[in-house]
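Peer 1: No letters, just coordinates:
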């Protein structure tokens, strides 16, 4: 019978390998850390920088640099809030929406490749196990903002 330590080590190795592949792919595409910004703006077309930092789970300093880069690429625009000039609002452009669609398609392909060795039954089991493990983490540690720490390296 497999030990808890072997199970944990196996999951740890899998998560680290997934992380490395995702980061490598995003860096190669020149897109590390920016996908969450486009994701957030795609859901809510116009956000203040503070709202965007919270929504995308990105530190404000890192967000400013990322927004400047996305703006140079024509994927977002920035403007002063007409009601409060202290607030800078960020909006996604049509090019940004198209780029987000490309990111989503890449993500879907990656998921399909990762899960391709599994049967439909194994996929269902994997899903149920992932839900249980995530809930166990939430129950024990509470909700976390791990995305911020994970992606702001």
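Peer 2: On my side now, so go ahead. Just so you know, these numbers come straight off a predicted model, no measurement behind them.
Peer 1: hey, which helix or strand in the protein has the poorest pLDDT?
Peer 2: Within the chain, no helix or strand scores below helix 146-151, which has a mean of 45 by mean pLDDT, DSSP states H and E.
Peer 1: quick one: the helices in the protein?
Peer 2: For the chain, helices defined by DSSP state H occupy the ranges 4-28, 35-43, 49-56, 60-72, 94-115, 120-141, 146-151.
Peer 1: out of those helices, nearest to residue 81?
Peer 2: With CB to CB, the closest approach to residue 81 among those belongs to helix 49-56: 10.2 Å. In this view, the C-beta of every residue, glycine as well, is placed from N, C-alpha and C.
Peer 1: where are the low-confidence patches of this protein?
Peer 2: Residue ranges of the chain with pLDDT under 70: 28-33, 144-153.
Peer 1: Tell me which residue is most central in it.
Peer 2: Centroid-nearest residue in the chain, with CA atoms, centre = their mean: residue 36, separated by 4.8 Å.
Peer 1: And for that one, nearest residue in space, chain neighbours not counted?
Peer 2: Leaving aside its sequence neighbours, residue 36 sits nearest to residue 56 (CB to CB, 6 or more residues apart in numbering; 4.1 Å).
Peer 1: Likewise for residue 48?
Peer 2: residue 87 (5.0 Å).
Peer 1: Surely the one you found touches residue 52?
Peer 2: No: between residue 87 and residue 52 there is no contact under CB atoms under 8 Å: 11.3 Å.
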